[in-house]
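Visitor: Sequence plus the predicted model coming up.
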Amino acid sequence: MTDSQSQCTTLRQAFEGALSPSPWRFGPDTGVVVGLFDLHDWQPWLANAYAMLDARERDRVQGRRAATDRDQLALAYALHRLLLGNALACDAANVPIGRDAAGCPRLSGERLYTSLSHADRVLALVVSATGPVGVDIEPSSRASVMPEIAGRVCHPADTAEIAGLVEPAWAEALLALWVRKEAFLKAAGIGLQREMDTFTAPDNALLALPGGGMTRVRMLQAGPRWVAAAAGAPDIPVESAWLRPAAPS
């Protein structure tokens, strides 16, 4: 896309165009929906993204040392606002989003739950009206380093379950386990307060949330280059899709 084309289309318009083919219907009974974004696709609207952020988001962005990291975080926050604004039927700039003590995104005064994850240049956003949610995405290439931290990731039951696998399947199983546990910890709102080796998280597992309630952790179809999982209400289907701006004509 050329600079002149990007200037003629705002980030909001590009987002709406990417969302329009989706079957998602947001409302009081919104299930669990996950939007996947390659931030490189959205780079032409970087200036729009920065303009959409509130003061706290700008502070968090400016706290990143590398310019590339700042730009990707700005795009992530702006796309998050656009997805939530669509769900709440309000302007993205007016989405009442904040963060709790653990740094998890929270919507004040709204019965809507959300989580985000970004790795390298890719972003995953999950939204639901049916209860707490969490999401995690990692590049599939990260499987190569997972054996180094297997002891931090695996509960004894996990170790036994994947013991019969050989490389590269063993490392790939570790990475899948990691993203499922990350998704659960985000849904639980406890982040690093609980060590991964203290619980199991098989695919499609039901896990108890702090304070009551249950969540189901499921792998997502993110393509061969990415590994992703989401946690959400047990009996609600998860819909996920890559959202990309239209190619220039």
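Guide: Structure received.
Visitor: Now residue 38: closest residue in space, sequence neighbours ignored.
Guide: residue 122 (5.8 Å; CB to CB, 6 or more residues apart in numbering). All C-beta spots, glycine's among them, are computed from the backbone N, C-alpha and C.
Visitor: Which pLDDT value does the model give the one you found?
Guide: Looking at residue 122, its pLDDT reads 97.
Visitor: what about it, distance to residue 144?
Guide: Noted for residue 122: a distance of 18 Å to residue 144, by CB to CB, to the nearest Å.
Visitor: out of those two, which sits in the busier spot?
Guide: Each of residue 122 and residue 144 has its neighbours counted (other CB atoms under 10 Å); residue 122 has more, 23 against 13.
Visitor: Buried residues, stretch 33-47. List them.
Guide: For stretch 33-47, the neighbour count (16 or more other CB atoms under 10 Å) marks 33-39, 41-42, 44-46 as buried.
Visitor: Contact partners for the nearest residue to residue 42 once chain neighbours are set aside?
Guide: Residue nearest to residue 42 in three dimensions, not counting chain neighbours: residue 75, with 5.2 Å by CB to CB, 6+ apart. Applying CB atoms under 8 Å, 6 or more residues apart in numbering to residue 75 gives the contacts 39, 42-43, 45-46, 49, 123.
Visitor: What's the mean pLDDT across the longest helix along the chain?
Guide: Taking DSSP state H as the criterion, the chain has its longest helix at helix 67-88. Average pLDDT, helix 67-88: 94.
Visitor: what do you get for stretch 177-185?
Guide: 97.
Visitor: Ok, stretch 126-144 next?
Guide: Here the average pLDDT along stretch 126-144 is 95.
Visitor: for it, which positions count as buried?
Guide: Applying 16+ other CB under 10 Å to stretch 126-144 flags 126-138, 140, 142-143 as buried.
Visitor: Endpoints of that stretch, how far apart?
Guide: The first and final residues of stretch 126-144 sit 27 Å from each other (CA to CA, to the nearest Å).
Visitor: And stretch 190-209, by the same measure?
Guide: End to end - CA to CA - stretch 190-209 spans 10 Å.
Visitor: Give me the residues contacting it.
Guide: Contacts for stretch 190-209 (CB under 8 Å, 6+ apart): 102-104, 132, 151-155, 157-158, 161, 176-178, 180-181, 184-185, 187-188, 210, 214-219, 229, 231, 234.
Visitor: among these, which are in strands?
Guide: In this view, the contacts of stretch 190-209 that belong to strands under DSSP state E are 214-219, 229, 231.
Visitor: of all those, which two lie farthest apart?
Guide: 214 and 219 (17.9 Å; CB to CB).
Visitor: In terms of packing, which of these two has more residues around it?
Guide: residue 219 (16 against 13).
Visitor: Contacts only, for that one.
Guide: Here residue 219 is in contact with 176, 179-180, 203, 227-229 (CB under 8 Å, 6+ apart).
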